[in-house]
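In: fold the following.
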Amino acid sequence: MLGQVMLLVATVALLHAAFSTYEHLSLLKALGRPEGSLPNDIVLEAIGALFLAIVGATVRSSPLREVTWRSEMKRRAQEEDQDPRLSFATFAQRAGIAPKASSSL
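Out: Residues are numbered from 1 along each chain as shown. Have a look, this model is predicted:
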């Protein structure tokens, strides 16, 4: 629940930073000064939203599973029961399809 709230807040903050950037650039264009950097508060808001989104996604994700040799061999033993050759396609030799170049010139 906490991770979802953090992701929602991060999304809203990032959208607000994008809208603020658009407004700032529109103002610069209206004043005839298209060159100019973004204000620090917009940059900090975007970086904060990114950090909050990363933390929220980390909190929201499921816990990592331990990978052990025993569990890996158990999984591979189940896979070996199936015929692995079914997944490969067989290709016919196409050497006889293309016409041979005549060397009688």
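
In: now L14: how far from R75?
Out: For L14, the distance to R75 equals 39 Å [CB to CB, to the nearest Å]. Yep, even glycine has a C-beta here, placed from its N, CA and C like the rest.

In: not counting its neighbours along the chain, what's nearest M6?
Out: G56 (3.0 Å; CB to CB, 6 or more residues apart in numbering).

In: burial measure for the one you found, as a count.
Out: Neighbour count of G56, defined by other CB atoms under 10 Å: 20.

In: what does the one 4 residues further on give?
Out: Residue crowding around R60 was assessed by other CB under 10 Å; the count is 14.

In: quick one: least confident helix or strand in the protein?
Out: helix 69-80 (a mean of 70; mean pLDDT, DSSP states H and E).

In: which residues of the protein score low on pLDDT?
Out: Low-confidence segments of the chain, defined by pLDDT under 70, are located at 77-105.

In: just give me the longest helix of it.
Out: Looking across the chain with DSSP state H, the single longest helix is helix 2-30.

In: could you list every helix and strand that it packs against?
Out: Using 3 or more CB pairs under 8 Å, 6 or more residues apart in numbering; DSSP states H and E, the elements in contact with helix 2-30 are helix 40-60.

In: now find how far off-centre the helix it packs on is within its chain.
Out: 17 Å (CA atoms, centre = their mean, to the nearest Å).

In: what is that helix packed up against?
Out: helix 2-30.

In: contacts for stretch 45-57?
Out: 2-7, 9-11, 13-14, 16-18, 20 (CB atoms under 8 Å, 6 or more residues apart in numbering).

In: please apply the same query to stretch 58-67.
Out: L2, G3, Q4, M6, L7.

In: check contacts around the last one.
Out: When contacts are counted by CB under 8 Å, 6+ apart, L7 is found next to A53, G56, A57, R60.

In: tell me which of these is nearest to H24?
Out: Taking CB to CB as the measure, H24 sits nearest to A53 out of these, at 22.1 Å.

In: show me what contacts the nearest residue to P39 once chain neighbours are set aside?
Out: The shortest distance from P39 to any non-neighbouring residue, by CB to CB, 6+ apart, is to H24 (6.6 Å). Contacts for H24 (CB under 8 Å, 6+ apart) come out as L38, P39, I42.
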